[in-house]
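Trainee: 3D, please:
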Amino acid sequence: MQKFRITFILCFLLTQSFGQTRKSSLYIQGQYNKTLYDVTKGNNPWGMGLGLQLFFRQTSKFKPTIDLTADAYLEDDKVSRLNTDATAINDLGGMVNLFAGASYNPIKTVYLSFVAGPSFLGGETKLGIKPSLGFYFSPNQKFTGKVSYINVFNRDNKTKEDFGSICLSLGVRLY
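Mentor: Numbers count the residues shown, from 1 in each chain. Sure thing, here's the model as predicted:
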């Protein structure tokens, strides 16, 4: 039910932004994630996926942004990890992030962003953060690249260990 509410709110926000006179920019991005630390790092050393990033245009250098990504972790060493009480640790498999926050454009071709929100991974919902350094390949901002750090807090309930990765993405503006 919670995923339905979040999806409905996101659709409502996007619908409202489409009805207005281009006060936003939407980018679709392909991305690669390299796992830095995780309780089951051998089962998910890297992943790849797609993302959407929506920037709301403002006259200031600060812009609200929404970042929606979905990643699949395809490589697996086929080793079952167990807690000290012999219960299995949930494998990651995939991750969906729905983050919101702000970006700062110190110059026209570079931006810094910080977003946070729910991460859906391993059948659970956790809090995640994603600071990023992004750049545009041209002054018209049609193509973008981004380097991000993703941290999901308390990924494993028993050990309270976090999940962390570095994300490299390339994108193109849809509008």
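Trainee: quick one: low-confidence parts of the chain?
Mentor: The model of the chain has pLDDT under 70 over residues 1-22, 76-91.
Trainee: can you pull out the helices in it?
Mentor: 2-19 (DSSP state H).
Trainee: how about the strands of the chain, start to end?
Mentor: Along the chain, counting by DSSP state E, strands occupy 24-37, 46-56, 62-72, 94-107, 110-121, 124-136, 143-152, 163-173.
Trainee: Just send the ones you listed back as CSV, with mean neighbour count too.
Mentor: Quick note: C-beta positions are derived from backbone N, CA and C, even for glycine. As requested, these are exported to CSV (neighbours: other Cβ atoms under 10 Å):
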stretch, mean neighbour count
strand 24-37, 17
strand 46-56, 19
strand 62-72, 19
strand 94-107, 18
strand 110-121, 19
strand 124-136, 18
strand 143-152, 19
strand 163-173, 19
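Trainee: quick one: terminal-to-terminal distance for stretch 147-157?
Mentor: The straight-line separation of the ends of stretch 147-157 (Cα to Cα, to the nearest Å) is 28 Å.
Trainee: can you check stretch 120-127 too?
Mentor: 9 Å.
Trainee: Show me the beta-bridge partners of residue 71.
Mentor: residue 49, residue 95 (DSSP bridges).
Trainee: Sorry, slip of the keys, the one I care about is residue 110.
Mentor: The partner list for residue 110 in beta bridges (DSSP bridges) reads residue 107, residue 135.
Trainee: In contact with it, which residues?
Mentor: Neighbour list for residue 110: 133-136 [criterion: Cβ atoms under 8 Å, 6 or more residues apart in numbering].
Trainee: Next: residue 67.
Mentor: By Cβ under 8 Å, 6+ apart, residue 67 lies in contact with 51-54, 97-101, 113, 115, 130.
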